[in-house]
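Chemist: Got a sequence here, can you model it:
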Amino acid sequence: MKEITGNRNSATGSHVHYYFQFAGEAKALTEFKQWIKPQLNPSQRILDIHEDRPELGSALNRAERYLGLSSTLVILISGVAIAMATRRYTSVILMPLLYCAAWAVNRMKYSGFIAVSLLS
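Modeler: The predicted model follows:
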């Protein structure tokens, strides 16, 4: 109070506004708002951005929806990119290795067949 009355910007009987801003999780802020409301004087009130400035509150809501949608789209595109890279990897790198392994297995089968045939 000394700061306000001592700086010549206000005199006795002046109407002074105090604003406090609180930040935190939505649940914690809602609980705080419910706790503080019964303790306020008739000249005091608690407002959030949606009550005090509805146009700004609606802009924030739209921005939140847009960011949620864009993050979902980014995750979807990332999944498609991973699938495409995996397909390319399997067709270029892994498939020739599988063909070589299949060829080796077939060679061992025929070698074993020939060896068994010769022994009998």
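Chemist: Of all the residues in the longest helix along the chain, which ones are buried?
Modeler: Selection of the longest helix in the chain by residue count, based on DSSP state H, yields helix 54-89. For helix 54-89, the neighbour count (16 or more other C-beta atoms under 10 Å) marks no residue as buried. C-beta here means a position set from N, CA and C on the backbone, and glycine is covered the same way.
Chemist: what is the rounded mean pLDDT of that helix?
Modeler: The average pLDDT within helix 54-89 is 91.
Chemist: same question, stretch 25-36
Modeler: 90.
Chemist: Give me the residues contacting it.
Modeler: 22-24, 46, 48 (C-beta atoms under 8 Å, 6 or more residues apart in numbering).
Chemist: And residue 50, how far from residue 57?
Modeler: 3 Å (C-beta to C-beta, to the nearest Å).
Chemist: same check, this time on residue 23
Modeler: 16 Å.
Chemist: mind listing what residue 51 touches?
Modeler: Applying C-beta under 8 Å, 6+ apart, the residues contacting residue 51 are residue 57.
Chemist: How many neighbouring residues does residue 53 have?
Modeler: Around residue 53 there are 13 other residues, counting by other C-beta atoms under 10 Å.
Chemist: For the residue nearest in space to the middle of the chain, give its distance to residue 78.
Modeler: Centroid-nearest residue in the chain: residue 71, 6.9 Å away (criterion: C-alpha atoms, centre = their mean). For residue 71, the distance to residue 78 equals 10 Å [C-beta to C-beta].
Chemist: do the same with residue 28
Modeler: Per C-beta to C-beta, residue 28 is found 32 Å from residue 78.
Chemist: How about residue 92?
Modeler: 21 Å.
Chemist: before we move on, what about residue 18?
Modeler: From residue 18 to residue 78 the distance is 47 Å (C-beta to C-beta).
Chemist: Could you do residue 67 as well?
Modeler: When distance is defined by C-beta to C-beta, residue 67 is 16 Å away from residue 78.
Chemist: related to what we said a few turns ago, closest one to residue 102 out of the contacts of stretch 25-36, please.
Modeler: residue 24 (60.9 Å; C-beta to C-beta).
Chemist: Cheers, nothing more for now.
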